[in-house]
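# please work out how this folds:
(one chain, ligands or ions: 1)
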Amino acid sequence: MLILVINCGSSSAKYQLFDVRKMSCVARGIVERIGSSRANLTYQSNGKKLHENVSCPDHYVAMNIIADALTHPENGVINSTGLIEGIGHRVVHGGEEFKESTKITPRVIKSIEKYCELAPLHNPPSLLGIKACSKIFKGTTQVAVFDTSFHQTMPPEAFLYGLPFRFYKKYGIRKYGFHGTSHRFVATQAAKVLKRSLNSLKLVTCHLGNGCSMAAVKNGISIDTTMGFTPLEGLLMGTRSGDLDPAVVFYLMNREKLSPNRISDILNKESGLLGLSGVSNDMRDILKAAKDSGDSGRRARTAIEMFIYRIEKYIGAYQAAMNGLDAVILTAGIGENNPWIIKRIEKDLKGVVSKRVKFIIVPTNEELLIARDTYNIIKRSK
Ligand code: ADP
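Modelled structure (predicted):
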């Protein structure tokens, strides 16, 4: 069975076509710079990688470009889009309504529209992708897989903020958590690696990419996570500040005469590893800069130390929250490619955690999990 996985951002659309029975990806790629005059398509299959400049004014055209690439007479992998039996979409925000992946219906689309208010940068492009696919791949079952749904099992003491309760009731202000698909995927994989049942494990999963978050996964269920109402809370990230005293926001707004939009940009786009190091948001550049002997080297080293310190602090907190710990899992760009980080954390926490705690790297594959969820929903509805 062929399942197409779509991940739409504001100016890009990633895709992967899976043969779900073999659990293998048959083609993948990305349409980038949607809406600009310099859009381009990357297409990979059978070991070939092609780049092509395309005219792509919007997400509807992007979905058409993907359909054409997959059915291209020379480089394509299928003769007809009719062979695709399901389309799984990554959707960032499913609010409190979606506790698991779901078949897309007009009612589901309405709900995703409602949550655009909570994820104004992320949900709108997903909706464009969903609507385009329902026209282009007419009649094909579509499934939404939400970043928030895995964390919907958090208890109120973990997801509420210490604000007047009416703001939770009125605006849904609470911790939602993100990267849920990745945390769920690596927790399941870790159980396999550890040869244990997921239902009997206390895991801390750390997704360390451009955005970073951790989750306390007890018996397969997320009971706490570092990201909050938005992906700004928690760990130090590429360009996001992570945890911060909210009073700093008012102080800066006053002193620097900043608008709400401007302070939001500072916290989301100019802080974190980039803001502290002054070098880059990319860990590879910061590691290079850290070798310098001068002030810039010192700043880069401080940024790295702070990055690791917060991870270690949350591991301690989550060990307490779960009343125990079996394994710490690192994943995503930084987590998978820097084995020294996991070794360093293991060494630092030697005196704090039991000797039996395992520290392991598990590569994430959110697209595969989206494909699997889509397949299972189609199978169930047959
Ligand atoms: P995204 O959240 O955008 O999916 P990724 O998971 O690709 O991000 O992670 C991006 C981060 O991973 C960057 O900080 C980058 O420095 C880091 N990274 C990726 N590859 C490597 C590598 N080979 N060595 C060190 N760091 C890497």
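# now do the closest residue to the ligand within the stretch 251-382 of the chain against L236, distance only.
Distance from the ligand to each residue of the stretch 251-382 of the chain (CB to the nearest ligand atom) is smallest for G333, at 2.0 Å. (Glycine included, C-beta is placed from N, CA and C.) For G333, the distance to L236 (CB to CB, to the nearest Å) stands at 15 Å.
# between the two, which one's more packed in?
Applying other CB atoms under 10 Å to G333 and L236 shows that L236 carries more neighbours, namely 22 against 17.
# tell me, how many residues neighbour the closest residue to A144 other than its chain neighbours?
With CB to CB, 6 or more residues apart in numbering as the criterion, A144 has its nearest non-adjacent residue at 4.6 Å, and that residue is V91. Neighbour count for V91, taken as other CB under 10 Å: 32.
# how about M322?
One way to gauge burial is a neighbour count; for M322, by other CB under 10 Å, it gives 19.
# so what's it up against?
Under the criterion of CB atoms under 8 Å, 6 or more residues apart in numbering, the contact partners of M322 comprise K202, A216, K218, I223.
# check A132 too.
With contacts taken as CB under 8 Å, 6+ apart, A132 has the following neighbours: H59, Y60, A62, M63, N64.
# if we go to 7 Å?
If a contact means CB atoms under 7 Å, 6 or more residues apart in numbering, then A132 has H59, Y60, M63 as its contacts.
# so V20 sits against I370, correct?
No: distance between V20 and I370: 10.8 Å, which falls outside the contact criterion (CB atoms under 7 Å).
# ok, these two, which is more surrounded?
Neighbour comparison, V20 and I370: the larger count goes to I370, with 28 against 20 (by other CB under 10 Å).
# who's in contact with the one helix or strand the more buried one maps to?
In this structure, I370 sits in helix 366-381 according to DSSP states H and E. Outside helix 366-381, the residues that touch it by CB under 7 Å, 6+ apart are 1, 3, 5, 16, 18, 20, 23, 85-86, 88, 90, 101, 103, 141, 143, 145, 181-182, 184-185.
# just stretch 9-26 next, same as before
Counting by CB under 7 Å, 6+ apart, the neighbours of stretch 9-26 from elsewhere in the structure are 1-7, 27-35, 45, 59, 62, 66, 70, 77, 121, 125, 129, 367-368, 371-372, 375.
# before we move on, what about stretch 151-165?
With CB under 7 Å, 6+ apart, stretch 151-165 has contacts from 96, 99, 168, 173-177, 180, 221-225.
# pull the number of nearby residues for the residue of the stretch 151-300 of the chain found nearest the ligand.
Across the stretch 151-300 of the chain, no residue is closer to the ligand than G209, which sits at 2.7 Å (CB to the nearest ligand atom). Burial of G209, expressed as a neighbour count using other CB under 10 Å, amounts to 18.
# same check on D295?
For D295, the count of nearby residues is 9 (other CB under 10 Å).
# what of K138?
Counted with other CB under 10 Å, the neighbours of K138 add up to 9.
# got it, and W340?
A total of 8 residues lie near W340 under the criterion other CB under 10 Å.
# which SSE is it in?
helix 339-348.
# for that helix, packing partners?
In terms of contacts (3 or more CB pairs under 7 Å, 6 or more residues apart in numbering; DSSP states H and E), helix 339-348 is packed against helix 295-322, strand 327-331, strand 358-361.
# now do it against strand 327-331, angle only.
160 degrees (axes from the mean of the first three to the mean of the last three CA atoms, to 10 degrees).
# buried residues of helix 339-348, list them for me.
Neighbour counts over helix 339-348 (16 or more other CB atoms under 10 Å) mark I341, I342, R344, I345 as buried.
# closest to G316 out of these?
Distances from G316 to the buried residues of helix 339-348, taken as CB to CB, are shortest for I345 (11.1 Å).
# pLDDT score for the closest one?
With respect to pLDDT, I345 has a value of 98.
# circling back to that earlier point, turn the contacts of A132 into CSV, columns for pLDDT and secondary structure.
Supplementary listing: these in CSV, determined by pLDDT from 0 to 100; DSSP: H, G, I helix; E, B strand; the rest coil:
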residue, pLDDT, secondary structure
H59, 97, helix
Y60, 97, helix
M63, 98, helix
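# which of these count as buried?
Neighbour-count burial (16+ other CB under 10 Å) is assigned, among the contacts of A132, to H59, Y60, M63.
# so what's the last one closest to, chain neighbours aside?
Just to be clear, that refers to M63. A132 (4.0 Å).
# same deal with V143?
The spatially closest residue to V143, leaving aside those adjacent along the chain, is T374, at 4.2 Å (CB to CB, 6+ apart).
# show the pLDDT at that neighbour.
The predicted structure scores T374 at 97 on the pLDDT scale.
# what about it, neighbour count?
Going by other CB under 10 Å, the residues that sit close to T374 add up to 28.
# what's the distance between it and T302?
As judged by CB to CB, T374 and T302 stand 44 Å apart.
# swap in L236?
Using CB to CB, one obtains 11 Å as the distance from L236 to T302.
# follow-up on the earlier one: what sits against the residue of the stretch 151-300 of the chain closest to the ligand?
For G209, the contact set (CB under 7 Å, 6+ apart) comprises A332, G333, I334.
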